[in-house]
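# Test case, fold it:
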Amino acid sequence: MTSGAIAWPRTTERLTLRPVTGKDVDQMLTYRNTPEVQRWLIRATVDPVVFREKWLTSVDEPYDHSCVALVGDQPVGSGMLEVVDGMGQDDAPESLRVEGMLGYTIDPAHAGRGYATEIARNLLSLAFDELGLRRVTAGCFADNPASRRILEKVGMRLEQYGVRDSWHHELGWIDGCTYAILREEWDARV
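Purely as a prediction, here's the structure:
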């Protein structure tokens, strides 16, 4: 389980990362539904009841390492690391639960301070140094330069650039990006 097998809370230079509580979800919903944040999320609108349930049940999911990021006691963002199967033939044991999908969201009131980079870096450390994953991916809209910079800062490389492959509720079909990093790339960084 996320909270049992992984040591929480986790700390970065300025943040504390831990599983969410009901109070956290209320604050996350507030900033998550602002136009600045909604603009770059894959799911622009969410049902608050479903959102709350998903975040609160993530604590008990063994392959979901979602967390809230706090400065002091104030939630400033969230992170997600979901462990998934790699692509493979015939459900080969070598491909089961060996990859991760990374995501993050920052409260606009706290944007531009490097918090998303700290969240992403810490979750990559969790993925490779503790969970022993072989590969982690993250997606974003190509028109979201802030997210692209974060992924590049933490050592991920642009792996796929899709031309008009992503639906955006304001902009229509726009380009999307997939970033990735392998364990050996993570280990080789300095």
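# Run the chain-centre distance for stretch 103-118.
Relative to its parent chain, stretch 103-118 has a centroid offset of 11 Å by C-alpha atoms, centre = their mean, to the nearest Å.
# average pLDDT for that stretch?
Predicted confidence along stretch 103-118 averages 96 (mean pLDDT).
# List every C-alpha atom in that stretch, with coordinates, as PDB.
Taking Å, rounded to 0.1, in the frame of the first residue of the first chain, the C-alpha atoms of stretch 103-118 are listed here in PDB:
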ATOM      1  CA  GLY A 103       1.900  13.800 -12.900                       C
ATOM      2  CA  TYR A 104       1.700  17.000 -10.800                       C
ATOM      3  CA  THR A 105      -0.500  20.000 -10.200                       C
ATOM      4  CA  ILE A 106       0.400  23.300  -8.500                       C
ATOM      5  CA  ASP A 107      -1.900  25.900  -6.900                       C
ATOM      6  CA  PRO A 108      -1.500  29.000  -9.100                       C
ATOM      7  CA  ALA A 109      -0.900  31.000  -6.000                       C
ATOM      8  CA  HIS A 110       2.300  29.100  -5.500                       C
ATOM      9  CA  ALA A 111       3.300  28.600  -9.200                       C
ATOM     10  CA  GLY A 112       6.800  29.600 -10.500                       C
ATOM     11  CA  ARG A 113       8.600  28.700  -7.300                       C
ATOM     12  CA  GLY A 114      10.000  25.300  -8.400                       C
ATOM     13  CA  TYR A 115       7.600  23.300  -6.300                       C
ATOM     14  CA  ALA A 116       6.500  21.100  -9.200                       C
ATOM     15  CA  THR A 117      10.100  20.300 -10.000                       C
ATOM     16  CA  GLU A 118      10.700  19.300  -6.400                       C
END
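# Which positions in it come out as buried?
Within stretch 103-118, the residues scored as buried using 16 or more other C-beta atoms under 10 Å are 103, 104, 105, 106, 107, 110, 111, 114, 115, 116, 117, 118. In this view, the C-beta of every residue, glycine as well, is placed from N, C-alpha and C.
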